[in-house]
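S.K.: Let's see this in three dimensions:
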Amino acid sequence: MPVAQDFSPIDLPEAATATPKLEIRNLSISYGGTPALVGVDLAIRENEIFGIIGPANSGKTSFLKALNRMDMFNGSMKVNGEILFNGRNVREWRNVYALRSRIGVVFPLPVGLPMTVYDNVALAPRLAGMSKKAELDEIVERCLTRAALWDEVKDRLHSLGSLLSGGQQQRLTIARALSQEPELLMLDEFSIAVDPVTTMRIEDVLKELRREMTIILVTNLTQQARRLADRTAFFLMGSCVEIGDTEALFTGDVTDQRTADYIAGRFG
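M.R.: Numbering: from 1, shown residues only. Next up, the predicted model:
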């Protein structure tokens, strides 16, 4: 049975202002000299869900990698331009791990660490110096609850996370990201390996989380962007073609016909 879709707007908290949480200026990315993204300029607001859609090889994942400096793991990836997080260039952060604790990321496939459910979520707080069991217990329960997983795993906290179902592992990944208390959460095709029911549960989680943080949602499911994103950017062949209010884009208020064609499924 198809799931009813609610396209009604979600009220932003008063904390959402015109001040960008993230500002991108003339961002270009290449691999071994081959361009992946060229001349991207955009700003992402506090407490919004910002959607990014576009076909494969449009530069969407490369964009996310540049935001928390994952290019340092790939010698062939070169990043040029400015990425301002809370007004500060991410390249100026000496402690890149501190930066990543504030900019969390969830990848397309669940990446469970080879440890228990509890330890997956408690890892980041422990690395930050927290050792009191009562405090860790509170964080684990809170993050698993926010990820809509607590009720399913509260009796299996000390079992391996890898024994959970695919959808549960993806929500465990989200809980682990939340344990760092990020200000910005990036999700890259989170629903690729997740069933439709679990996908909708995670979407409900994201709607709640947007009241506490900024979210960037990269998705190849255009209707998912429509359900969740306040504004959406369309990437194509390494360029950001346009950015607009999500519902306006989906009802035909576009500046580039390619955007309308992609949303309508005429290519991609």
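S.K.: For the closest residue to Glu152 other than its chain neighbours, give me the pLDDT.
M.R.: Excluding its sequence neighbours, the residue lying closest to Glu152 (C-beta to C-beta, 6 or more residues apart in numbering) is Gln168, at 6.3 Å. For the C-beta atoms, the positions are set from N, CA and C on the backbone; glycine is no exception. Per-residue pLDDT puts Gln168 at 90.
S.K.: Can you tell me the element Gln168 falls in?
M.R.: Under the criterion of DSSP states H and E, Gln168 resides in helix 166-178.
S.K.: Please apply the same query to Ile44.
M.R.: Ile44 belongs to strand 34-45, assigned by DSSP H and E.
S.K.: This protein: helices as residue ranges?
M.R.: Assigned by DSSP state H, the chain shows helices spanning 60-67, 96-102, 117-127, 133-146, 150-153, 166-178, 196-209, 222-228, 246-250, 257-263.
S.K.: Any stretches of this structure with poor pLDDT?
M.R.: 1-18, 110-112 (pLDDT under 70).
S.K.: residues in contact with Leu228?
M.R.: Residues in contact with Leu228 (C-beta atoms under 8 Å, 6 or more residues apart in numbering) are Ile49, Gly51, Glu203, Leu206, Lys207, Leu217.
S.K.: what's the neighbour count on the closest residue to it other than its chain neighbours?
M.R.: Nearest-residue entry for Leu228: Ile49, 5.2 Å, with adjacent residues in sequence omitted and distances by C-beta to C-beta, 6+ apart. By the measure other C-beta atoms under 10 Å, the count of residues near Ile49 is 26.
S.K.: Tell me the bridge partners for Ile49.
M.R.: Using DSSP bridges, the bridge partners assigned to Ile49 are Ile215.
S.K.: List the contacts of it.
M.R.: Applying C-beta under 8 Å, 6+ apart, we find Ile49 in contact with Leu206, Lys207, Arg210, Ile215, Ile216, Leu217, Leu228, Ala229, Asp230.
S.K.: before we move on, back to that, and the helices of the chain as TSV, adding distance to Leu27?
M.R.: Below are those laid out as TSV (distance: least, C-beta to C-beta, whole Å):
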stretch	distance to Leu27
helix 60-67	7
helix 96-102	16
helix 117-127	28
helix 133-146	31
helix 150-153	38
helix 166-178	23
helix 196-209	24
helix 222-228	21
helix 246-250	21
helix 257-263	20
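S.K.: picking up where we left off before, which residues sit against the helix holding Gln168?
M.R.: Outside helix 166-178, the residues that reach it (C-beta under 8 Å, 6+ apart) are 104-107, 110-113, 117, 120-121, 123-124, 143-144, 146-149, 152-153, 161-162, 164, 185, 190, 193-195, 197-198, 201-202, 205, 209.
S.K.: Show the buried residues in these.
M.R.: For the contacts of helix 166-178, a burial check counting by 16 or more other C-beta atoms under 10 Å picks out 104-107, 110, 112, 117, 120-121, 124, 143-144, 146-149, 153, 161, 164, 185, 190, 194, 198, 201-202, 205, 209.
S.K.: related to what we said a few turns ago, what about the helix holding Gln168, distance to the chain center?
M.R.: 13 Å (C-alpha atoms, centre = their mean, to the nearest Å).
S.K.: picking that back up, what subset of the contacts of Leu228 is buried?
M.R.: Here, 16+ other C-beta under 10 Å leaves Ile49, Gly51, Glu203, Leu206, Leu217 buried among the contacts of Leu228.
S.K.: Now do the last one against Asp151, distance only.
M.R.: In other words, Leu217. Relative to Asp151, Leu217 is positioned 25 Å away (C-beta to C-beta, to the nearest Å).
S.K.: can you check the first one too?
M.R.: Using C-beta to C-beta, Ile49 is found at 25 Å from Asp151.
S.K.: likewise the fourth one?
M.R.: Relative to Asp151, Leu206 is positioned 18 Å away (C-beta to C-beta).
S.K.: sorry, back to before: what are the C-alpha coordinates of the helix holding Gln168, in CSV please?
M.R.: What follows is helix 166-178, C-alpha atoms only, in CSV (Å, rounded to 0.1, in the frame of the first residue of the first chain):
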residue,chain,number,x,y,z
GLY,A,166,20.2,-3.5,7.6
GLY,A,167,17.6,-0.9,8.5
GLN,A,168,18.5,-1.1,12.2
GLN,A,169,22.2,-0.8,11.3
GLN,A,170,21.5,2.4,9.4
ARG,A,171,19.7,3.9,12.3
LEU,A,172,22.6,2.8,14.6
THR,A,173,24.9,4.7,12.3
ILE,A,174,22.6,7.8,12.7
ALA,A,175,22.7,7.3,16.5
ARG,A,176,26.5,7.1,16.4
ALA,A,177,26.6,10.3,14.5
LEU,A,178,24.3,12.0,16.9
